[in-house]
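1. structure, please.
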Amino acid sequence: MNSNPLADRMRPKELSEVVGQKHLLTPGKALYNMIENGEVPNLIFYGPSGVGKTTIASIIASRTKRALRKLNGTSASTQDIKNIVAEIDTFTAPNGILLYLDEIQYFNKRQQQSLLEYIENGKITLIASTTENPYFYVYSAILSRSTVFEFKTVSAEDIMPAVRRGFDFLSEENSVEIEYTDDVVKTIAYGCGGDVRKALNSVENCYFATPLKEGKKTVTLETAEELAQKSSLRYDKDGDEHYDIVSAYQKSMRGSDPDAALHYLARLLEAGDLPSACRRLMVCACEDVGLAYPQIIPIVKAAVDAALMVGLPEAEIPLADAVILVATSPKSNSANNAIKAAMSDVRKGNIGPIPRQLQNKHFDGEDAAVKGQHYIYPHDYENHWTYQQYLPDVIKDRQYYEFGDNKNEQAYKAYWDRIKGKKK
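-> Next up, the predicted model:
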């Protein structure tokens with residue numbers, strides 16, 4: 001029996017067989033035309049694993065009749081690059097080399113630089129792949145000499161035909177009839193998190209786990225549910241997907257969409273990332289609801305404390321309560337805008353000496369034009385307020401905070417307009 005994974009044994013040989021990536025591989029699209037014409041520049045494939053990057057690199061090597069060499073950035077060394085360079089213009093690579101460098105983000109700057117000479121003279125055509133944003137992780141000189149194409153997660157609908165082909169492939173390969181239902185196909189396709197390779201791994205696992213009876217194997221829904229890789233939710237706490245999910249989570253709460261917010265909360269919790277779920281929830285309560293409903297801050301803090309105390313899976317309950325509350329509450333970013341404006345002044349050096357009446361000292365030097373602190377105690381006055389200057393002279397007229405248009409802040413504004421208006 002072939003020990004290679006099913007995904008490798010079934011790897012497409014033609015573009016028409018590739019699952020998904022229609023935005024790149026439809027006739028007329030730039031990448032499709034390049035491959036069909038057999039003239040391919042240096043490329044960077046950016047996207048999640050299991051979506052066809054390696055497959056397309058293999059097809060390109062075949063179309064351009066170049067020797068395909070593969071390296072992985074997690075394990076390859078500079079010597080590995082030198083060994084590949086040594087093959088240039090030899091009988092093993094008469095038409096040049098196509099180097100497929102997977103996970104290029106793990107190559108350091110020196111290793112990436114060692115490729116420059118050869119990709120510039122055309123002796124090596126580089127196809128680098130990465131699951132991280134290449135503009136953050138790939139050396140700029142490599143980027144400037146390459147064309148970046150983004151690969152997207154494959155939909156479950158696109159994966160379902162591949163699941164059926166996987167069962168049919170195993171049936172023909174092993175001369176065994178395999179029966180399965182549409183529900184089996186859907187369970188595997190939806191459970192793989194958009195990763196075709198994982199879907200085919202599940203197909204093969206289902207085949208191995210199903211007993212042979214009367215010359216055939218009948219894959220049950222129970223087997224598929226047990227073996228479908230539900231844990232394959234795309235998530236890397238240090239990767240782009242992490243930041244995309246937490247960003248969508250907070251933006252959905254800010255946008256007052258409780259359903260979307262709960263969806264992204266579920267993705268965080270399914271990935272076991274309770275800290276991010278709690279932290280962004282607290283930030284959103286303070287930043288996006290804020291003074292429109294200031295009582296929400298201790299409420300959300302209590303929900304977060306409860307979630308951290310009970311842990312997963314029960315943590316989902318208080319967090320769901322709080323997420324729905326934040327999403328459906330009135331919104332105000334007035335405090336957030338105010339502190340950002342104040343921080344901007346401080347960072348620019350717009351500070352100045354603290355006014356004398358606010359200083360914590362009781363002695364004036366001989367050079368002081370006005371002796372005495374002259375601090376005015378607000379509680380000695382009607383409504384516990386009277387005018388005095390609090391900001392430094394250089395920014396004494398600066399206004400950072402502007403009342404929001406929500407009920408709470410407008411009530412505060414009306415109160416202070418009434419009180420302060422009496423003193424003018």
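2. how near is residue 200 to residue 4?
-> 11 Å (C-beta to C-beta, to the nearest Å). For the C-beta atoms, the positions are set from N, CA and C on the backbone; glycine is no exception.
3. neighbour-wise, which of the two wins?
-> Per other C-beta atoms under 10 Å, whichever of residue 200 and residue 4 has more neighbours is residue 200, with 29 against 9.
4. so which strand or helix has that one?
-> helix 196-209 (DSSP states H and E).
5. contacts for that helix, please.
-> 5-7, 10, 19-20, 49-52, 154, 159, 162-163, 166-167, 170, 178, 180, 184, 188-189, 191-192, 217, 219, 223-224, 226-229, 232 (C-beta atoms under 8 Å, 6 or more residues apart in numbering).
6. can you rerun that using 6 Å?
-> For helix 196-209, contacts defined as C-beta atoms under 6 Å, 6 or more residues apart in numbering pick out 6-7, 19, 50, 154, 159, 162-163, 166-167, 170, 188, 192, 219, 223-224, 227-229, 232.
7. just checking: what are the partner strands of the very next helix or strand once past that helix?
-> Once the chain leaves helix 196-209, the next helix or strand it forms, by DSSP H and E, is strand 212-213. Paired strands of strand 212-213, with direction, are strand 216-218 (antiparallel) (DSSP bridges).
8. list the buried residues for the partner strand?
-> 217-218 (16 or more other C-beta atoms under 10 Å).
9. same for the helix or strand following it, what does it pack against?
-> Remark: after strand 216-218, the chain's next helix or strand is helix 221-227, criterion DSSP H and E. Secondary-structure packing of helix 221-227 (3 or more C-beta pairs under 6 Å, 6 or more residues apart in numbering; DSSP states H and E): helix 182-191, helix 196-209.
10. got TSV for those helices, with distance to residue 14 and mean pLDDT too?
-> Below are the helices and strands packed on helix 221-227 laid out as TSV (distance: least, C-beta to C-beta, whole Å; pLDDT from 0 to 100):
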stretch	distance to residue 14	mean pLDDT
helix 182-191	22	89
helix 196-209	16	91
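11. and of those, who's closest to residue 414?
-> Relative to residue 414, the nearest member of the helices and strands packed on helix 221-227 by C-beta to C-beta is helix 182-191, separated by 54.1 Å.
12. quick one: the closest one to helix 196-209, angle?
-> If you take axes from the mean of the first three to the mean of the last three C-alpha atoms, to 10 degrees, helix 182-191 sits at 140 degrees to helix 196-209.
13. for helix 182-191, name the packing helices and strands.
-> helix 156-174, helix 221-227.
14. for the last one, C-alpha coordinates in PDB please.
-> Spelled out, it's helix 221-227. The C-alpha atoms that make up helix 221-227 are tabulated as PDB, following Å, rounded to 0.1, in the frame of the first residue of the first chain:
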ATOM      1  CA  LEU A 221     -22.100   9.300   9.400                       C
ATOM      2  CA  GLU A 222     -21.000   8.400  12.900                       C
ATOM      3  CA  THR A 223     -17.500   7.500  11.600                       C
ATOM      4  CA  ALA A 224     -17.300  10.700   9.600                       C
ATOM      5  CA  GLU A 225     -18.300  12.800  12.600                       C
ATOM      6  CA  GLU A 226     -15.800  11.100  14.800                       C
ATOM      7  CA  LEU A 227     -12.900  11.500  12.400                       C
END
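15. contact partners of that helix?
-> With contact meaning C-beta under 6 Å, 6+ apart, helix 221-227 is reached by 183-184, 187-188, 202, 205-206, 209.
16. got the buried residues for it?
-> Quick answer for helix 221-227 (16+ other C-beta under 10 Å): 223-224, 227.
17. any idea of the mean pLDDT for it?
-> Mean pLDDT, helix 221-227: 89.
18. buried sites along the helix or strand following that helix?
-> Downstream of helix 221-227, the first helix or strand assigned by DSSP H and E is helix 240-254. Of the residues in helix 240-254, 240-242, 245-246, 248-254 count as buried by neighbour count, 16+ other C-beta under 10 Å.
19. can you list those residues in a markdown table and add distance to residue 30 and pLDDT?
-> Shown next, in a markdown table, are the buried residues of helix 240-254 (distance: C-beta to C-beta, whole Å; pLDDT from 0 to 100):
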| residue | distance to residue 30 | pLDDT |
| --- | --- | --- |
| 240 | 23 | 64 |
| 241 | 26 | 70 |
| 242 | 30 | 75 |
| 245 | 30 | 88 |
| 246 | 32 | 90 |
| 248 | 29 | 93 |
| 249 | 34 | 95 |
| 250 | 35 | 94 |
| 251 | 31 | 95 |
| 252 | 33 | 95 |
| 253 | 38 | 95 |
| 254 | 36 | 95 |
